[in-house]
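J.: Sequence first, then the predicted structure:
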Amino acid sequence: MSTLPPLVEPAADLTRDEVARYSRHLIIPNFGVDGQKRLKNARVLVMGAGGLGSPTLLYLAAAGVGTIGIVDFDVIEESNLQRQVIHGVADIGRSKAQSARDSMLAINPLVQVNLHEIRLQPDNAVELFAQYDLILDGTDNFATRYLVNDAAALAGKPYVWGSIYRFEGQISVFWEDAPPGPDGQVQAVNYRDLYPEPPPPGMVPSCAEGGVLGILCASVGSVMGTEAIKLITGIGDSLLGRLMIYDALAMSYRTIGIRKDPAAAKITELIDYDSFCGVASPAAADAAQDSTITPRELRELLDAGKELLLVDVREPVEWDINHLDGATLIPKSTLDTGAGLAKLPQDRMAVLYCKTGVRSAEALATVKQAGFSDAVHLQGGIAAWARQYEPDMVMY
């Protein structure tokens with residue numbers, strides 16, 4: 001367990017209004033006025049105002065963290081509202097960052113909210129992180145997670161990391177410049193000590209593809225916010241050097257240790273993270289190079305009466321939500337194991353599709369390797385098709 005000194009110096013004083021507002025904090029032994037003054041003086045940057053950002057931002061604002069930054073350039077969609085409780089129906093189509101700020105200030109007008117409506121990039125991350133004491137990362141893609149990790153290391157900042165998928169969440173604290181423990185032990189760890197390499201492209205579906213229980217965000221986000229408050233005030237034992245795993249179905253929390261990888265190279269610069277994580281595997285990229293068709297091209301083939309088989313490579317639960325007329329469901333998982341290959345026609349061209357085109361490209365590589373040389377996949381998936389030809393299609 002990691003015991004750390006307070007991350008932030010206390011503010012000079014609390015106003016009368018602040019004493020009244022935060023009175024339940026002030027009467028907690030070992031937290032008290034000093035802890036609240038540290039929160040007031042803290043500058044915390046939160047990556048994303050989505051599933052994990054929503055509860056975290058609301059509670060950090062309510063707790064009295066003096067300055068809170070939000071990095072988000074996205075807009076609110078209806079499918080967000082199942083878990084992103086900082087937004088409402090009236091906010092659909094609005095900037096997530098602006099909507100989040102309004103909700104936070106409605107709870108606590110005494111805090112300052114900074115908006116960074118930008119895409120985090122290697123050329124702006126370190127400079128942005130340097131303006132804050134602590135980073136919270138609840139992003140949902142590996143490229144951004146590695147960028148946040150490396151930029152935090154270069155800026156010398158600790159960060160709280162959280163991840164969610166279906167019924168499970170993970171939380172930890174990473175700090176490459178963490179001070180030694182009381183007995184001199186090394187406490188410095190970063191995300192690369194837990195995940196030295198990203199998983200193969202297409203191996204881990206995003207929440208948009210695999211789903212997430214909405215209320216899971218509250219459980220994981222509250223732990224992230226708690227860790228932030230502990231780091232700022234110097235109370236308790238942080239998750240630095242430990243990974244917490246939450247299983248909502250089993251209703252269990254467990255922690256495992258994370259050790260510094262002695263073989264890991266020191267982080268000295270930022271890299272091309274999209275390339276590092278790979279949008280698609282080399283095999284998928286090769287397979288799709290000359291075997292990708294657009295929704296318009298597919299429409300023309302169908303209108304011309306071309307003999308083909310539309311193959312939906314998503315999972316059955318996704319098929320039940322929407323699918324293309326005349327398609328056959330052959331999940332990518334069955335193609336990978338070989339069972340689905342027997343369902344592919346020998347006499348017609350197979351057109352594979354998924355939600356956005358990533359999984360179908362991976363499936364295409366498998367299909368071509370099995371000898372179906374004329375198979376193609378749909379660029380942009382069913383989402384692109386719906387935007388162009390079926391705007392009323394139910395989308396998830």
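T.: Arrived safely, thanks for sending.
J.: Would you agree M244 is in contact with Q170?
T.: Yes - if you go by C-beta atoms under 8 Å, M244 and Q170 touch, sitting 6.9 Å apart. In this view, the C-beta of every residue, glycine as well, is placed from N, C-alpha and C.
J.: any weak-confidence spans in the stretch 51-200 of the chain?
T.: 200 (pLDDT under 70).
J.: Where do the strands of it begin and end?
T.: Per DSSP state E, counting those that start in this stretch, the stretch 51-200 of the chain carries strands over the ranges 67-71, 112-116, 134-137, 159-165, 168-174.
J.: Determine how far the helix or strand hosting V220 lies from the middle of the whole chain.
T.: Using DSSP states H and E, V220 falls within helix 216-233. Put simply, helix 216-233 sits 16 Å off its chain's centre (C-alpha atoms, centre = their mean, to the nearest Å).
J.: Beyond it, next helix or strand please.
T.: Defined by DSSP H and E, the subsequent element after helix 216-233 is strand 242-247.
J.: Pairing partners for that following strand, with directions?
T.: Paired strands of strand 242-247, with direction, are strand 168-174 (antiparallel), strand 252-257 (antiparallel) (DSSP bridges).
J.: Out of those, which is the most enclosed?
T.: Comparing these by mean neighbour count (mean count of other C-beta atoms under 10 Å), strand 168-174 comes out on top with a mean of 24.
J.: Would you quantify the distance from A188 to G241?
T.: To G241, A188 is 9 Å away according to C-beta to C-beta, to the nearest Å.
J.: who's more crowded, those two?
T.: G241 (25 against 17; other C-beta atoms under 10 Å).
J.: quick one: the more buried one from I258, how far?
T.: Using C-beta to C-beta, we find G241 at a distance of 5 Å from I258.
J.: do the same with I229
T.: 21 Å.
J.: Same question for I76.
T.: Counting by C-beta to C-beta, the gap from I76 to I258 is 35 Å.
J.: next one: P182
T.: From P182 to I258 the distance is 19 Å (C-beta to C-beta).
J.: Export only the CA atoms of stretch 30-42, formatted as CSV.
T.: Extracted in CSV, the C-alpha atoms of stretch 30-42 (Å, rounded to 0.1, in the frame of the first residue of the first chain):
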residue,chain,number,x,y,z
ASN,A,30,-7.6,13.8,9.9
PHE,A,31,-9.3,15.7,7.1
GLY,A,32,-10.8,18.8,8.6
VAL,A,33,-10.1,22.4,7.6
ASP,A,34,-6.6,21.6,6.3
GLY,A,35,-7.9,19.0,3.9
GLN,A,36,-10.6,21.3,2.6
LYS,A,37,-8.0,24.1,2.0
ARG,A,38,-5.9,21.7,0.0
LEU,A,39,-9.0,20.8,-2.2
LYS,A,40,-9.6,24.5,-2.7
ASN,A,41,-6.1,25.0,-3.9
ALA,A,42,-6.1,21.9,-6.1
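J.: Tell me the buried residues in it?
T.: Across stretch 30-42, burial judged by 16 or more other C-beta atoms under 10 Å covers 31, 33, 35-42.
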